[in-house]
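# Take this sequence and fold it.
(chains A and B)
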There are 2 protein chains.
Amino acid sequence: MKLQFAIDTLSTDDALRLAAAAAPHVDILELGTPLIKSEGRAAITAIKQAHPEKLVLADLKTMDAGELEADLAFAAGADYVTVLGCAGDSTIVGAVASAKKHGKGVVVDLIGVADKPGRAKEVVALGADLVEMHAGLDEQSEEGFTFATLLRDGAEAGVPFAVAGGVNAESAPSVRDAGAVIAVVGSAIYSAADPAHAAASIRQTVA
Amino acid sequence: MKLQFAIDTLSTDDALRLAAAAAPHVDILELGTPLIKSEGRAAITAIKQAHPEKLVLADLKTMDAGELEADLAFAAGADYVTVLGCAGDSTIVGAVASAKKHGKGVVVDLIGVADKPGRAKEVVALGADLVEMHAGLDEQSEEGFTFATLLRDGAEAGVPFAVAGGVNAESAPSVRDAGAVIAVVGSAIYSAADPAHAAASIRQTVA
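Coordinates of the predicted model:
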């Protein structure tokens, strides 16, 4: 299972500092949506240039103009982009067309989708490389949120899946055991007093 | 009815040039989602500084971290932000909280929502200022797309609404007649040989 570090800061400088700390212990560096909206495509380029040996994911959460948005992120250095599962099929097809053109990949983020296993199958049939079983930052703070639902949805989908939604050192092994190909870790690294140590600890639990 | 110009370019320079051409004829300058992902919050600031007398809308299409994303756009100079209708209620509530803090506004973009009138009522009850009955660029090129559905949904919703999805000089009067408070015009201005003339012509049809 790969580890993906979701860098949810608002400045490229902070993102570079956090990426440098975590990079030795993770496989994929993710630029969070707020970071991209704050700093633009230049943030993607900065992270890729600083870490050319790592996969870089631009969490675009695209809802429209699938090909155009994917094109701009791939041109800036991204290896993967995300498209929303609640986007129309033509938007996902557009992003997949861009990925094929660039030799890169598309992840469909199922945040907000009610039937995650059903939609997961559909979007992989449309050409997405994998799906992300994802509970957002806002959803995680809602009453009744349970992480276990994401793991069940992933296992039920029967397609390659990542899990995101508050993964930490305690829960990472359960993500691996559920069959996820990627565990996405955000706050457990970027909010830690020592991000490098936090990333190393999480890696150790799933090594 | 106000006219909103959706600036769907990828560079701030192009956006500034188009905004300068159209501004005398429109009320609201919208930074399209791909522009924000390409250039970041600096594009919002550039447009607002160039046109302090115009309302500026940042088409964030927020799906998560509602308060954080709205905060960054309002701080950069936006008067309005968009949140996706398919986002969870807590994300919309977060953006509304940010808008109240800054004395600004929230538009909920109903792109991709099946029951647009029903969701429109819900999000206005959550504190959104208005909704956007919106068919995306990808959806407009799908077979079976009809502009008339957006107008019917708007009239049925019974809350303040904008219409976006290929509005031009020909269709703008029907948007006004359906009761929209805002007509959003994109390609009909930015793809025109003479954007200033195109904007003036559309304004004239609904003056």
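
# Now stretch A:156-173: buried residues?
By 16 or more other C-beta atoms under 10 Å in any protein chain shown, the buried positions in stretch A:156-173 come out as A:157, A:159-169, A:171-172. In short, each C-beta sits where N, CA and C put it, glycine included.

# Give me the distance from the longest strand along chain A to the chain's centre.
The longest strand of chain A (DSSP state E) is strand A:55-62. Taking C-alpha atoms, centre = their mean, to the nearest Å, the mean C-alpha location of strand A:55-62 is offset from the chain mean by 7 Å.

# Which pair of the buried residues of stretch A:156-173 spans the longest distance?
Maximum pairwise distance in the buried residues of stretch A:156-173, criterion C-beta to C-beta, is 26.8 Å, between A:Val159 and A:Ala169.

# ok so, going back, ok, residues contacting the longest strand of chain A?
A:4, A:6, A:27-33, A:36, A:44, A:47-48, A:69-70, A:73, A:76-84, A:87, A:91, A:95, A:107, A:109, A:111, B:37, B:61, B:63-64 (C-beta atoms under 8 Å, 6 or more residues apart in numbering or on different chains).

# go again using 6 Å as the cut-off
A:28-33, A:44, A:47-48, A:69, A:73, A:78-84, A:109, B:63 (C-beta atoms under 6 Å, 6 or more residues apart in numbering or on different chains).

# List the ones among those residues that fall in strands.
Among the contacts of strand A:55-62, the ones falling in strands (DSSP E) are A:Ile28, A:Leu29, A:Glu30, A:Leu31, A:Tyr80, A:Val81, A:Thr82, A:Val83, A:Leu84, A:Asp109.

# Please list which of those also come close to chain B.
Near chain B, judged by C-beta under 6 Å from any C-beta of the partner chain, there are no entries from the ones in strands among the contacts of strand A:55-62.

# Could you identify the most distant pair in those residues?
The widest separation within the ones in strands among the contacts of strand A:55-62 (C-beta to C-beta) is 20.9 Å, between A:Leu29 and A:Leu84.

# Tell me which helix or strand comes right after the helix or strand of chain A with the lowest mean pLDDT.
Ranked by mean pLDDT, DSSP states H and E, the weakest helix or strand in chain A is helix A:137-140, scoring a mean of 87. Later in the chain than helix A:137-140, the nearest helix or strand by DSSP states H and E is helix A:147-157.

# Contacts for that following helix next, please.
Contacts for helix A:147-157 (C-beta under 6 Å, 6+ apart): A:Lys116, A:Pro117, A:Ala120, A:Met133, A:Phe161, A:Val163, A:Gly165, A:Ala178, A:Gly179, A:Ala180.

# so what's the fifth one scoring on pLDDT?
Translated: A:Phe161. We have a pLDDT of 98 for A:Phe161.

# ok, and the closest non-adjacent residue to it?
A:Gly154 (4.2 Å; C-beta to C-beta, 6 or more residues apart in numbering or on different chains).

# average pLDDT for the longest helix seen in chain A?
Longest helix in chain A, counting residues (DSSP state H): helix A:89-102. In this model, helix A:89-102 has an average pLDDT of 98.

# From the contact counts, what lies against that helix?
If you count contacts as 3 or more C-beta pairs under 6 Å, 6 or more residues apart in numbering or on different chains; DSSP states H and E, helix A:89-102 packs onto helix A:66-76, strand A:105-109, helix B:137-140.

# Show me how far the first one is from its chain's centre.
Looking back up the chat, that one is helix A:66-76. 16 Å.

# can you state the direction angle for that helix and strand A:80-84?
Helix A:66-76 and strand A:80-84 meet at an angle of 160 degrees, taking axes from the mean of the first three to the mean of the last three C-alpha atoms, to 10 degrees as the criterion.

# circling back: now render the helices and strands packed on helix A:89-102 as JSON lines, adding mean neighbour count and distance to A:Ile202.
Formatted as JSON lines, these follow (neighbours: other C-beta atoms under 10 Å in any protein chain shown; distance: least, C-beta to C-beta, whole Å):
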{"stretch": "helix A:66-76", "mean neighbour count": "24", "distance to A:Ile202": "26"}
{"stretch": "strand A:105-109", "mean neighbour count": "27", "distance to A:Ile202": "20"}
{"stretch": "helix B:137-140", "mean neighbour count": "21", "distance to A:Ile202": "37"}
